[in-house]
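**Q** build me a structure from this.
(2 chains)
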Amino acid sequence: MIPFIQAEFTTKNKWLTQDDMVDIIALSQSLPGIIAINSSIFIGLRLRGLPGALMAALGTILPAFLSIIAILVVLVNFEENFYVQKVFTGIKATSAALILDTVIRLVRSSLKNRFAWAMAAITFLLITIFNVNAAWGILIGALSGWIWFVYIKKI
Amino acid sequence: MAYLQLFYVFFKVGILGFGGGYAILPMIYQEIQTFGFITHDDFSNLVALSQVTPGPIAINAATYVGFKTAGTLGATVATVAVTLPSLMLIVIVSHVLSKFKENVVIQGILKGIRPATIGLIGSAFIFLGQAAFMNSTSLLPDAQLTSWLGAVQWEAVIIFVIIFALMRLTKLGAILLTLVGALLGLCLPALHG
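**A** Prediction:
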């Protein structure tokens, strides 16, 4: 999605420079919230202020929102259908494969030191084995990062 | 009350949902347990639908859970709630942009959150795997191994292996792979009668 956003705003429409774009994406990734939503709000705000931000958010939300509602409205009538269920079996299995692939890629690219390995392993185990709320995973990560990188291993 | 609950849950996801879409899935999975009539099957359905519809997974998920819980208004409430934190934070942060980027504490916090989200995506795989590969919606911890094996949907496991192999061996993108997966889902049962 990010390369798409980048092309749309810098090369195609020339609304922003490459540097602006790099800044916006870096910040969108480091703020809470969904990256695609964050970056669209950022771009809207930069170009047209608060109304721009609202419109950009709406633009990102609507296709997802409308397509899910449309599918759910139609699906209600076919939920028990044998073929629909089989198609879903296939898509679910594919989603699982796609997520596993994402995990493998992220582990290879981002877990570069013991701290990162420990953090990923701890959140994974807490959530899956001990059924701790995933929100705590984020909070524990934030707190550990603060202590580790500010007081122990200074960056 | 359903609206309030929807708002609360998805606002929380909006605040704590760092990183890409997959990282928010375990949060959604755990939260929907508190909604009476959203099942674990719904969870895997919504992940599957997110794969074939445009837009961020978080929005798809909010719309799905909101709609199933309280219709179109519910979908709207959940979607607004998941977006609102981003909107508020970015309006604030854009004023203190340079300070934000250079702050050591914020840098440290972000460096801690990043690997944690990888753990989150890992657990998303476990949760989705349970829903995608097992027949029963809830796994009993004391279930016998034989009944556990009996609950495995072997078709799904086979499709998973084929897709994973295709992913490694070819350069097919997510959309094409999903299409192949859907077709396999249709054809496999026909093959073994």
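**Q** ranges for the helices of chain A?
**A** A:2-6, A:18-30, A:35-75, A:82-110, A:114-128, A:134-147 (DSSP state H).
**Q** cool, and chain B?
**A** Under DSSP H, chain B gives helices at B:2-16, B:25-32, B:40-52, B:57-93, B:97-102, B:104-133, B:145-150, B:154-169, B:174-191.
**Q** so which residues make contact with the last one?
**A** Okay, so that is helix B:174-191. For helix B:174-191, contacts defined as C-beta atoms under 8 Å, 6 or more residues apart in numbering or on different chains pick out A:83, A:86-91, A:93-95, A:97-98, B:51-52, B:155, B:158-159, B:162-163, B:166-167, B:172. For glycine as for every other residue, the C-beta is placed from the backbone atoms N, C-alpha and C.
**Q** for it, which positions count as buried?
**A** Across helix B:174-191, burial judged by 16 or more other C-beta atoms under 10 Å in any protein chain shown covers B:Ala174, B:Leu177, B:Thr178, B:Val180, B:Gly181, B:Ala182, B:Leu184, B:Gly185, B:Leu186, B:Leu188.
**Q** ok, of the residues you listed, which one's closest to B:Leu97?
**A** Proximity of the buried residues of helix B:174-191 to B:Leu97 (C-beta to C-beta) peaks at B:Ala174, which lies at 33.0 Å.
**Q** what's the separation between the closest one and A:Ile99?
**A** 11 Å (C-beta to C-beta, to the nearest Å).
**Q** for chain A, what's the nearest residue on chain B?
**A** The minimum distance from chain B to chain A, using C-beta to the nearest C-beta, falls at B:Gly112 (1.8 Å).
**Q** next one: the nearest residue to A:Val87 once chain neighbours are set aside, what pLDDT does it get?
**A** Closest residue to A:Val87 apart from its sequence neighbours, by C-beta to C-beta, 6 or more residues apart in numbering or on different chains: B:Ala182 at 4.7 Å. In this prediction, B:Ala182 carries a pLDDT score of 93.
**Q** still on that earlier bit, can I get the helices of chain B in TSV including distance to A:Gln29?
**A** Shown next, in TSV, are the helices of chain B (distance: least, C-beta to C-beta, whole Å):
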stretch	distance to A:Gln29
helix B:2-16	15
helix B:25-32	18
helix B:40-52	20
helix B:57-93	12
helix B:97-102	12
helix B:104-133	9
helix B:145-150	39
helix B:154-169	24
helix B:174-191	20
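**Q** lowest average confidence, helix or strand, in chain B?
**A** Using mean pLDDT, DSSP states H and E, helix B:145-150 stands out as the lowest-scoring helix or strand of chain B, at a mean of 65.
**Q** count the residues that sit near residue 125.
**A** By default, I'm working from chain A. A count of nearby residues for A:Leu125, using other C-beta atoms under 10 Å in any protein chain shown, gives 15.
**Q** try again with chain B
**A** When counting by other C-beta under 10 Å, one arrives at 25 neighbours for B:Phe125.
**Q** burial count for the residue lying closest to A:Phe42 once chain neighbours are set aside?
**A** Leaving aside its chain neighbours, A:Phe42 sits nearest to A:Ile24 (4.7 Å; criterion: C-beta to C-beta, 6+ apart). Residues lying near A:Ile24 (other C-beta under 10 Å) number 24.
**Q** A:Ile24 reaches A:Ile41, doesn't it?
**A** No - A:Ile24 is beyond contact range of A:Ile41, at 9.8 Å (criterion: C-beta atoms under 8 Å).
**Q** next one, pLDDT for B:Gly21 please.
**A** For B:Gly21, the model assigns a pLDDT of 76.
**Q** how about the contacts made by the closest residue to B:Thr53 other than its chain neighbours?
**A** In space, and not counting its chain neighbours, B:Thr53 is closest to A:Ser67: 4.2 Å by C-beta to C-beta, 6+ apart. Counting by C-beta under 8 Å, 6+ apart, A:Ser67 makes contact with B:Thr53, B:Pro54, B:Gly55.
**Q** go with 10 Å
**A** B:Leu49, B:Ser50, B:Val52, B:Thr53, B:Pro54, B:Gly55, B:Ile59, B:Asn60, B:Thr63 (C-beta atoms under 10 Å, 6 or more residues apart in numbering or on different chains).
**Q** including pLDDT and neighbour count, could the residues you listed go into a markdown table?
**A** Compiled in a markdown table, the contacts of A:Ser67 are given as follows (pLDDT from 0 to 100; neighbours: other C-beta atoms under 10 Å in any protein chain shown):
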| residue | pLDDT | neighbour count |
| --- | --- | --- |
| B:Leu49 | 89 | 22 |
| B:Ser50 | 88 | 26 |
| B:Val52 | 85 | 18 |
| B:Thr53 | 87 | 21 |
| B:Pro54 | 84 | 15 |
| B:Gly55 | 83 | 23 |
| B:Ile59 | 93 | 31 |
| B:Asn60 | 93 | 26 |
| B:Thr63 | 95 | 31 |
